[in-house]
Every structure is written in C-alpha cells, then in structure tokens.
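*Asks:* okay, predicted coordinates and the sequence, questions at the end:
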2 protein chains.
Amino acid sequence: MALEHAILVSLLEKPGSGYELARRFERSIGYFWTATHQQIYRVLKRMVSDGWIDVREVAQQGRPDKKEYSVAAPGREVLSRWLHEPVEPESIRHDLAVKIRGAAFDDPAALIREVERHHRVHADRLAHYLAGEQRDFTGPGAAGTLDAGQELQHVVLRGGIAYERMTLAWLDDVLATLRRIAAGRSTPHQ
Amino acid sequence: MALEHAILVSLLEKPGSGYELARRFERSIGYFWTATHQQIYRVLKRMVSDGWIDVREVAQQGRPDKKEYSVAAPGREVLSRWLHEPVEPESIRHDLAVKIRGAAFDDPAALIREVERHHRVHADRLAHYLAGEQRDFTGPGAAGTLDAGQELQHVVLRGGIAYERMTLAWLDDVLATLRRIAAGRSTPHQ
DNA sequence: CTTGCCTATGAAACGAGTTGCATAGAGGAT
DNA sequence: ATCCTCTATGCAACTCGTTTCATAGGCAAG
C-alpha cells in the first residue's frame, strides 16, 4: 500500500541503502510507520524494477558495500499522484485496550504491571522525541530559518509528542481505574 | 494475532452472531480494533473447530436465521493466558503523516483540503464517543453503580475521547503550518 | 413488480506483513 | 583462535488482512 510512498518520501529527504532505511524506520519515520528490513528490501527491489527508484553500488571501507537508492522521475510522479489522492483517516490497533476490557473477565489487578510497563515505554518515546526536537528545531534563529521541509518534519514530530503525552495521561487514568477496582470498590471516578 | 482475543472479549461481553460482531467492530470495539466481516467469519469458524467458542442456530422472524456464538471454557482459558502475557506497545500507521512530510516535495497548499477532511472525520468520531459516554456513563445510575466491566469500558472510551481531542488539536497545528508555508514564508525544496 | 437496502453468511484470490533462516565482511573482546 | 556484534543483503514459508464476488430472505418505496 503506502510503504512505497513512505520509502519515496524518505529517499527524497535523503538517498540511502535498504539497511539505512530500515534504521530510519526504527527511528524518526518509524514513529508513524513501521517496517522490517525484509519488507523494505522486497519493496525496494520491486520499485527498482518498476523504475521508481535508481540503484547505485557504493563501495565502503571497514564495512560491506551497499546499494544506495534514490528517487527517479517516475517515482516522484507516483508520489505526487498519491499526495493528491485522499487517504483513509487512520485507525488504531490497540491490544492494550482489548486487554483492559478483557480484564473484566479475569483479574484486573494483574494488568497493573503491564500498564506500568507501557507507561515506561511511552515515557521513553516522549523523551526521545523531545531530545530530537531540542536538537533539530530549537536554538538561535530556528524559528526564522526553517525551510518548508523542516517545518513539516517539525509539525509531524509535534504530533508524536502530543500523542505520547496524551497516551501517558490516559495510562495514568487506566492505572487509577485498575487500582480503584483492585481495592474492591468500583466506585465513581471523580 | 489478537483478533481472536478481541472476539473473545466481545463475546464475553455479549454473545452474538458474526454479523453482529462485524457491526460492533464498526462501532465501539472498532475504535481501537478494526476487522471486516470476512475476517470475522473466517476466524469464528476456526475458533469453533478449535473448541474456543460454541455455536447455536437461532431462528429469527422477519430476517434470516443467524448463528449465535458464545465463549466456551477453553476460549476463556486462552483469553486468560493472553491477558497474563505482555503485548507490544502499539505502533501507529499514519498515512497522513507520510503525506505531510511528502508535501515538502510537492505542493503543501494542496494538502489543506485533505487535512480539513480528516479534521471533520475526527470531529465526528469525537462527537460519537461523547454521545456514547453521555448515554452509558452518566446520569443518576452511573455514579456508584458501575461494575468493574463498565468501569473498564469507560476508561477505554475515555482513551478514545482523549485520542480524538489530541488529534483535532494537532490537525489545527498542521493546518496553521500548511497555511504559513502556503503564504510564502517558506519555499519548497527544489 | 422491480429496484434498492438491510440482515446474514460464505468462497476465492490476492496483497501485505511477519518469522525464521542464510550469507558475508569487519571490528572488538576473551 | 573463537565468539559476539554491527553492517549489509536476501530467500522461503507462513499468517494476516483486503477485495471481489455470490447467495438468500425480508422490507419499503416508487
């Protein structure tokens, strides 16, 4: 579906190898789109044979050679066409929410540690985003010197930050609810 | 994966047919887990043959007969085991975020209408959630009389509400950014 | 009385995503 | 020397999810 488009955007931002793309998908891009290296290698191959991207063998020293991919004219056109099509508003797949509702038929208290674990993961992600924002989008002159691409990267990052903050607040709410239930009184919140 | 578990939870909350499950997945459950009727029918079949759930033919008048599914003992055990395992913290697939970063290489202004459309969709979802909260979790009976299951359903719903509010605020941020760029304060990449 | 919509179920084909395995060069640690 | 880790690429098998099509009864509108 749209993995191709995510790769095109990433390669336009900076050409790179499949391995490098896989690492980007673990970092900045991976915050709103995940992909394994298997998927990436397979799709890259197809995109080359479709003429969307070009390959270039790059010899390296101290490490294996790599294939550097960059966007070709047809790929740019494909991306442009996609950008002008509507996409479905996202829908989430939230295992933890299923578990929370399922806990009603098991032991709600047993979920507390799991929710705390998720809380830590999201706190780490938030810290990571904030460090990235600090590094890339603050400092003297940042406000006036950003080009459109940087502005757009920043607004996506702000989305990630907002998402993590919202999630942390909700997980606090979940924990309070679970503890209230575990304490034996399913009494009202607030 | 976890579609089985989501179905088990839904059937524990209330037994029902594949068709009814599909409609629930468009409504309350579908806010954090999506599934088409095809997926549901296929998985139900497998779950029956694995002994996780029972079927019962129910004749209806004024409409076709249906098969009502309910959770059997082994299904309850499967769910219980899953509830005690850790799950991966969720990761999102956000096409719109890809588009926003991609817009740097095309026409950012052309995205405005698309973002406005997403804004309307999320505003509708929020209104829907708030109506559901009003209906199910407020009023004279609500305070103090909620059992654990209802409390847990409510905290999941509060998560949906928080998510939609956060998303709406972010989309406002995105719109402001796109308009600033379109007004010429930044120039697109070559 | 035909067209369209809602309930209700399902097959078949395809495309997307995951998991496990395999290879290979270079570096550092024991 | 051997093991582990990191870079770098890829195949094969499998599961999951989507799309398309098909069937069938009942209801309401025109």
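*Replies:* Received it, and whenever you're ready, just let me know what you need. The structure displayed is predicted, hence computed values, not measured ones.

*Asks:* what's the burial count for the residue in chain A that DNA strand C sits nearest to?
*Replies:* Closest to DNA strand C within chain A is residue A:38: 3.6 Å, counting by C-beta to the nearest atom of the strand. Bear in mind the C-beta positions are built from the backbone N, C-alpha and C, glycine included. By other C-beta atoms under 10 Å in any protein chain shown, the residues close to residue A:38 number 10.

*Asks:* go on, residue A:127?
*Replies:* 11.

*Asks:* next one: it from chain B, what distance?
*Replies:* 14 Å (C-beta to the nearest C-beta, to the nearest Å).

*Asks:* for the residue of chain A closest to DNA strand C, what is the enclosing helix or strand?
*Replies:* Assigned by DSSP states H and E, residue A:38 belongs to helix A:37-49.

*Asks:* so which bits of chain A are right by DNA strand C?
*Replies:* A:1, A:3, A:34, A:35, A:36, A:38, A:39, A:62, A:63, A:64 (C-beta under 7 Å from any atom of the strand).

*Asks:* now the two most distant members of these.
*Replies:* The largest separation in the residues of chain A next to DNA strand C, counting by C-beta to C-beta, is between A:1 and A:62 at 37.3 Å.

*Asks:* where is the longest helix in chain A?
*Replies:* Longest helix in chain A, counting residues (DSSP state H): helix A:148-182.

*Asks:* now the angle from it to helix B:148-180?
*Replies:* 170 degrees (axes from the mean of the first three to the mean of the last three C-alpha atoms, to 10 degrees).

*Asks:* determine the set of other helices and strands touching helix A:148-182.
*Replies:* helix A:112-137, helix B:95-102, helix B:148-180 (3 or more C-beta pairs under 8 Å, 6 or more residues apart in numbering or on different chains; DSSP states H and E).

*Asks:* with only the CA atoms kept, save the helix holding residue A:38 in PDB.
*Replies:* Extracted in PDB, the C-alpha atoms of helix A:37-49 (Å, rounded to 0.1, in the frame of the first residue of the first chain):
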ATOM      1  CA  HIS A  37      14.100  -4.900   6.700                       C
ATOM      2  CA  GLN A  38      12.500  -7.800   4.900                       C
ATOM      3  CA  GLN A  39       9.600  -5.700   3.700                       C
ATOM      4  CA  ILE A  40      11.900  -2.900   2.800                       C
ATOM      5  CA  TYR A  41      14.300  -5.000   0.700                       C
ATOM      6  CA  ARG A  42      11.400  -6.600  -1.100                       C
ATOM      7  CA  VAL A  43       9.700  -3.400  -1.900                       C
ATOM      8  CA  LEU A  44      12.900  -1.700  -2.900                       C
ATOM      9  CA  LYS A  45      13.500  -4.500  -5.400                       C
ATOM     10  CA  ARG A  46      10.000  -4.000  -6.900                       C
ATOM     11  CA  MET A  47      10.400  -0.300  -7.000                       C
ATOM     12  CA  VAL A  48      13.700  -0.500  -8.900                       C
ATOM     13  CA  SER A  49      12.200  -2.900 -11.500                       C
END
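
*Asks:* could you list the domains of chain A?
*Replies:* Here the domain parsing of chain A from automatic domain parsing is A:3-83, A:95-182.

*Asks:* now distance to residue B:110 too, for the ones you listed, in TSV please.
*Replies:* Output for those, formatted as TSV (distance: least, C-beta to C-beta, whole Å):
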stretch	distance to residue B:110
domain A:3-83	7
domain A:95-182	13
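
*Asks:* want to try a markdown table for those, with mean pLDDT and distance to residue B:46 as columns?
*Replies:* Formatted as a markdown table, these follow (pLDDT from 0 to 100; distance: least, C-beta to C-beta, whole Å):
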| stretch | mean pLDDT | distance to residue B:46 |
| --- | --- | --- |
| domain A:3-83 | 94 | 26 |
| domain A:95-182 | 93 | 18 |
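
*Asks:* now for those domains, which one comes closest to residue B:71?
*Replies:* That would be domain A:95-182 among the domains of chain A, by C-beta to C-beta, at 8.7 Å.

*Asks:* buried set for stretch A:52-66?
*Replies:* By 16 or more other C-beta atoms under 10 Å in any protein chain shown, the buried positions in stretch A:52-66 come out as A:52, A:53, A:54, A:66.

*Asks:* between those residues, which is nearest residue B:160?
*Replies:* Among those, and counting by C-beta to C-beta, the member closest to residue B:160 is residue A:52, at 37.4 Å.

*Asks:* give the contact list for the closest one.
*Replies:* A:4, A:8, A:71, A:72, A:74, A:75, A:78 (C-beta atoms under 8 Å, 6 or more residues apart in numbering or on different chains).

*Asks:* 6 Å - rerun?
*Replies:* Neighbour list for residue A:52: A:74, A:75, A:78 [criterion: C-beta atoms under 6 Å, 6 or more residues apart in numbering or on different chains].

*Asks:* same thing with residue A:51?
*Replies:* residue A:74.

*Asks:* surely it is in a helix?
*Replies:* No. Under DSSP: H, G, I helix; E, B strand; the rest coil, residue A:51 sits outside any helix and is assigned coil.

*Asks:* give me the distance between it and residue A:35.
*Replies:* Distance check for residue A:51 against residue A:35: by C-beta to C-beta, to the nearest Å, it reads 21 Å.

*Asks:* what does chain A put close to DNA strand D?
*Replies:* Counting by C-beta under 7 Å from any atom of the strand, chain A sits next to DNA strand D at A:17-20, A:22, A:37-38, A:41-42, A:44-45, A:60, A:63-67, A:93.

*Asks:* near chain B, which of the residues you listed show up?
*Replies:* Among the residues of chain A next to DNA strand D, the ones lying near chain B by C-beta under 6 Å from any C-beta of the partner chain are residue A:93.
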